[in-house]
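Trainee: Provided below for reference: sequence and predicted model.
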Amino acid sequence: MTPEEYKQMQTFARYDGLLLALLWTLSFACYIIGFGIPTVSIIALVLALATPFFALHRLRVYRDYGRDGIISFRRAWAYVFFSFFYASLLFALVQFAYFAYLDKGYFVHMIQQLIDAPENQQVLSQYATKESFDQMIRDIQAVRPIDLALSMLQANVFVSVLLGIPMAAVVCRSKAKATNK
């Protein structure tokens, strides 16, 4: 890969990482709003599940417009990794900002309400005692916003490594195949 090709890949990956971070931010916002309005949580789930399809679409755009329809497996995988990496960095900043400055205990309070709801008590009692759920809430409260953001960053990067393999396999196209259009 030439320096120009690497720079081009990084430019596409940064742009698509920004778009992916916006998708995740919208999903996260719907998730938080979904505590108060349960139907909005379905939108959060749909947006989260749309992530690989959106990333696959953007990978195809990069292949077709940035690479003239030809991309190797390794370059496609690297592109997916970098797109998710940049998205993960931006999304970690969003999550940090939310939990550090906007949340003010709302997230933990809503989880506590879910645990305390009478309709959930029977199901939850099969998994653990009330004391263990109270301990879980205390543990969640003890997590600093930066720790939460960094753990989500790490998880998202790990997922990008795994998702990149099948996505790259689907989109890669050799020169011989591209010339037979």
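Mentor: Structure's in. What do you need? Residues are numbered from 1 along each chain as shown.

Trainee: quick one, helices of the chain?
Mentor: 3-34, 38-49, 51-61, 73-97, 106-116, 118-125, 130-142, 145-171, 175-179 (DSSP state H).

Trainee: could you single out the most deeply buried of these?
Mentor: Counting by mean count of other Cβ atoms under 10 Å, helix 73-97 has the highest mean neighbour count of the helices of the chain, with a mean of 20. Heads up, the C-betas are built off the backbone N, CA and C, glycines and all.

Trainee: quick one: average pLDDT of stretch 38-54?
Mentor: Mean pLDDT, stretch 38-54: 94.

Trainee: got it, and stretch 1-21?
Mentor: On average, the pLDDT along stretch 1-21 is 93.

Trainee: contact partners of that stretch?
Mentor: Contact with stretch 1-21 is made by 51, 54-55, 58, 62, 66, 75, 78-79, 82-91, 94, as judged by Cβ atoms under 8 Å, 6 or more residues apart in numbering.

Trainee: and that stretch, how far from the chain's centre?
Mentor: Centre-to-centre, stretch 1-21 and its host chain are 18 Å apart (Cα atoms, centre = their mean, to the nearest Å).

Trainee: cool, and stretch 80-88?
Mentor: 9 Å.

Trainee: what mean pLDDT does it get?
Mentor: Summarised as a single mean, pLDDT over stretch 80-88 is 95.

Trainee: distance of residue 56 from residue 50?
Mentor: 10 Å (Cβ to Cβ, to the nearest Å).

Trainee: now do residue 126
Mentor: Relative to residue 50, and taking Cβ to Cβ, residue 126 is found at 33 Å.

Trainee: more neighbours, the two?
Mentor: Remark: of residue 126 and residue 50, residue 50 carries more neighbours, 13 against 6, as counted by other Cβ atoms under 10 Å.

Trainee: residue contacts, that one?
Mentor: Counting by Cβ under 8 Å, 6+ apart, residue 50 touches residue 23.

Trainee: which phi and psi does it have?
Mentor: Here is the backbone geometry of residue 50 (degrees, to the nearest 10): phi -80, psi -10.

Trainee: from residue 75, how far out is it?
Mentor: As defined by Cβ to Cβ, residue 50 lies at a distance of 24 Å from residue 75.

Trainee: then residue 84?
Mentor: As judged by Cβ to Cβ, residue 84 and residue 75 stand 15 Å apart.

Trainee: do residue 20 as well
Mentor: Taking Cβ to Cβ as the measure, residue 20 and residue 75 are separated by 18 Å.

Trainee: same check, this time on residue 31
Mentor: 33 Å.

Trainee: is residue 114 in contact with residue 121, as I believe?
Mentor: No - judged on Cβ atoms under 8 Å, residue 114 makes no contact with residue 121 at a distance of 10.7 Å.

Trainee: need the nearest residue in space to residue 72, chain neighbours excluded.
Mentor: Distances taken as Cβ to Cβ, 6 or more residues apart in numbering place residue 172 nearest to residue 72, at 5.9 Å, with adjacent residues excluded.
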